[in-house]
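Student: give me a model of this one.
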Amino acid sequence: MISRRSLALTLGMAALAGPALAASGRGSVLKMLDPDNDGTVDLAEAKKAAADLFAKLDPDHDGTLDVRELRGRLTAKELAMADPDHDGTLTLDEYLAVVEQRFKAADPDNDGTLDAKELKSRAGRALLRLLK
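Tutor: Residues are numbered from 1 along each chain as shown. Just a heads-up that it's a prediction; the model follows:
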């Protein structure tokens, strides 16, 4: 049987490790999106990540993404709003326009960069769905 002391130590270690593990996960996302390692993501870096993902999500190489290829990154309603020609698909330019809108929404201080805190926000998480 586990002693109270062992249980307390185990729970204490888990409590201390949890935030560290969560921070390392966030750090890896930031590191992935931040090739210049300045600790922030600018719009150009976000668009580069989005363009790379777009290419991976387009298995038929037709230059567009439909709702199936988007794999839940946008809802049907969001896709319709982002689709100016109403053809049910997004071109790379249309996809990058959504990325730019979400980037701006995640940048409340309008400094043109997103730090880890901004990426953790609701708007930041919405942007990240389009980048990874």
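
Student: now do the contacts for the residue lying closest to E69 once chain neighbours are set aside.
Tutor: Nearest in space to E69, with sequence neighbours left out and distances taken as CB to CB, 6 or more residues apart in numbering, is L57 at 5.1 Å. To be clear about C-beta, it is placed using only N, CA and C from the backbone, and glycine gets the same treatment. When contacts are counted by CB atoms under 8 Å, 6 or more residues apart in numbering, L57 touches L65, E69, L70, R71.

Student: tally of neighbours for the third one?
Tutor: If you count neighbours by other CB atoms under 10 Å, L70 ends up with 21.

Student: now the last one
Tutor: Applying the criterion other CB under 10 Å, we find 10 residues in the vicinity of R71.

Student: roughly how far does the residue nearest to E69 sit from L96?
Tutor: 13 Å (CB to CB, to the nearest Å).

Student: in JSON lines: the contacts of L57, plus distance to V29, secondary structure and pLDDT.
Tutor: Formatted as JSON lines, these follow (distance: CB to CB, whole Å; DSSP: H, G, I helix; E, B strand; the rest coil; pLDDT from 0 to 100):
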{"residue": "L65", "distance to V29": "22", "secondary structure": "strand", "pLDDT": "97"}
{"residue": "E69", "distance to V29": "22", "secondary structure": "helix", "pLDDT": "96"}
{"residue": "L70", "distance to V29": "20", "secondary structure": "helix", "pLDDT": "96"}
{"residue": "R71", "distance to V29": "18", "secondary structure": "coil", "pLDDT": "94"}
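
Student: for H86, what are its contacts?
Tutor: Applying CB under 8 Å, 6+ apart, the residues near H86 are A80.
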